[in-house]
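S.K.: Provide a 3D model corresponding to the input given below.
(one chain, ligands or ions: 1)
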Amino acid sequence: MEQTISWLFKKAKINENEAALWKPELYNLALNISENLEQFATKPVGKLIAEYNLEIIERICPSVVNYIKSEQIYDHLYYICFIINQGTGTPIHNDGFGPIYGLNVPILNCENTSTVYYKAKFLPRRTVEGSSESFPAVGYGFWADEESAVEVGRLDATVPHWLDVTAPHKAEVFHDFLRINCSIRFHDTIIDYLIKKYGKD
Ligand SMILES: [Fe+2]
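M.R.: Residues are numbered from 1 along each chain as shown. Model (predicted):
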């Protein structure tokens with residue numbers, strides 16, 4: 001039988017000191033994509049792992065790569081994206097361009113921000129201009145009907161979490177600073193690992 005997970009998000013079991021090392025590394029990775037990150041506010045920016053030079057990631061983000069390798073999930077990596085906001089969050093959406101689970105890591109000014117989950121109906125699909133040349137962005141995937149959406153959970157974006165990004169969610173931001181959250185995305189083949197480490201429920 002196919003394994004399933006019922007949770008939407010779980011606090012990641014990562015040592016705080018270790019996670020602190022990730023922030024500057026991932027920030028430098030974002031700057032390696034663009035030095036002008038402000039231009040991506042309210043849009044996702046990232047690259048498929050296949051498009052990154054893995055040597056660059058290993059050089060810029062050694063602690064992150066060491067962790068992913070030590071957890072034996074490196075083969076499941078799909079892409080790394082950065083959710084960038086300034087003064088506003090995102091609409092309710094799901095990330096409709098593929099896989100399933102994201103390891104979200106706060107990078108910059110994630111205090112006073114949340115990721116909020118909803119029970120919501122999705123609107124007919126529409127696409128927007130991609131936010132980076134090499135990222136197959138289709139905006140935020142699918143948009144939900146905000147009027148009828150009901151909040152079902154929220155997580156503190158200052159702490160690394162695993163998230164199911166196929167469920168309706170949004171970023172909520174209550175300040176005007178540039179805010180960067182990194183999401184390390186994995187193929188759904190990671191599900192056995194997640195169940196073993198975080199449980200099904
Ligand atoms: Fe998202």
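
S.K.: Which stretches in this structure count as helices?
M.R.: With helices called from DSSP state H, the chain shows them at 16-33, 54-60, 62-70, 191-198.

S.K.: Could you name the helices and strands sitting against the longest one?
M.R.: It stands for helix 16-33. Secondary-structure packing of helix 16-33 (3 or more Cβ pairs under 8 Å, 6 or more residues apart in numbering; DSSP states H and E): strand 43-48, helix 54-60, helix 62-70, strand 77-86, strand 101-108, strand 178-186. Any C-beta I mention is one placed from the backbone N, CA and C, and that applies to glycine too.

S.K.: and the third one, which residues are buried?
M.R.: Judged by neighbour count using 16 or more other Cβ atoms under 10 Å, the buried positions of helix 62-70 are 63-65, 67-68.

S.K.: I'd like the mean pLDDT over stretch 21-36, please.
M.R.: Mean pLDDT, stretch 21-36: 92.

S.K.: What are the buried residues along that stretch?
M.R.: 21-23, 25-27, 29-30, 32-33.

S.K.: Show the average pLDDT along stretch 92-111.
M.R.: Computed over stretch 92-111, the mean pLDDT rounds to 86.

S.K.: can you count the residues close to F186?
M.R.: Around F186 there are 24 other residues, counting by other Cβ atoms under 10 Å.

S.K.: list the contacts for the nearest residue to it once chain neighbours are set aside?
M.R.: Excluding the flanking residues, the one nearest F186 by Cβ to Cβ, 6 or more residues apart in numbering is H76, at 4.5 Å. Applying Cβ atoms under 8 Å, 6 or more residues apart in numbering, we find H76 in contact with 186-187, 189-190, 193.

S.K.: Also Y101?
M.R.: 162-165, 185-186, 188, 190-191, 194.

S.K.: Of the buried residues of stretch 21-36, which is the nearest to Q72?
M.R.: Nearest to Q72 out of those is W22 (Cβ to Cβ; 18.2 Å).
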